[in-house]
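Visitor: The following comprises the amino acid sequence and a computationally predicted model.
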Amino acid sequence: MKKKILQRGFVGFLGGVTLGQVIVIILSLIWGQGHFWPCVPDFISMVGNEIGAVALQTVLCGLLGTGFAAASVIWELEHWSLVKQTGIYFLVVSLVMLPIAYVTYWMEHSVLGFFSYFGIFFAIFVVVWLVQYFVGRKNIRRMNAELDRLNCKK
């Protein structure tokens, strides 16, 4: 299990870095008015310079990817209920996501900013979870139907 967590974490780091850069490019295309905005200006001010902020944000995006990927092993713990898996996974990814979002100024530094960001994060989590749940349920029904068909031929 530890080996699987480490392997997924490494791949997740690379995925987090890649996804972070893609998001920055997309946001710059939408709101940059022809300029590249690699980081939130308040984050650049906090770090002290743009290259330092970009480097730190890149590492933090990698850590986000590591956290999400490593935590995915939770879904393979068959002796846990779906409710327990969901709750623990949400807790783990929240403990990774929210501090990084706060440090990088992806959320406003206020109580309202925190709860707004958390609400959006929670809503996205629920939508992704529901999509995955219904896709999984559909696949299980399809496999069961195929098994029934094969059993009827015997």
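Guide: Structure's in. What do you need?
Visitor: Outline the domain layout of the protein.
Guide: According to automatic domain parsing, the chain comprises the domains 2-106, 110-154.
Visitor: Let me know which of those domains is tucked in deepest.
Guide: Of those, the one with the most neighbours on average (mean count of other CB atoms under 10 Å) is domain 2-106, at a mean of 15. Bear in mind the C-beta positions are built from the backbone N, C-alpha and C, glycine included.
Visitor: Quick one: end-to-end length of it, please.
Guide: Distance across domain 2-106, first residue to last, is 31 Å (CA to CA, to the nearest Å).
Visitor: so what secondary structure elements neighbour the lengthiest helix in the chain?
Guide: Ranked by residue count under DSSP state H, the longest helix found in the chain is helix 111-153. Judged by 3 or more CB pairs under 8 Å, 6 or more residues apart in numbering; DSSP states H and E, helix 111-153 is in contact with helix 82-103.
Visitor: what's the offset of the helix it packs on from the middle of its chain?
Guide: 9 Å (CA atoms, centre = their mean, to the nearest Å).
Visitor: List the contacts of it.
Guide: Contacting residues not belonging to helix 82-103 are listed as 43, 60, 63-64, 67-68, 71-72, 74-75, 77, 80, 106-107, 109, 114, 117-118, 121, 125, 129 [CB atoms under 8 Å, 6 or more residues apart in numbering].
Visitor: how about low-confidence regions in this protein?
Guide: Applying pLDDT under 70 to the chain picks out residues 153-154.
Visitor: Apply 80 and report the result again.
Guide: Applying pLDDT under 80 to the chain flags residues 1, 153-154.
Visitor: so what's the backbone phi/psi at the residue nearest in space to the middle of it?
Guide: Nearest to the geometric centre of the chain sits F68, at 5.2 Å (CA atoms, centre = their mean). Phi and psi for F68, reported as degrees, to the nearest 10, are phi -60, psi -40.
Visitor: All set, thanks.
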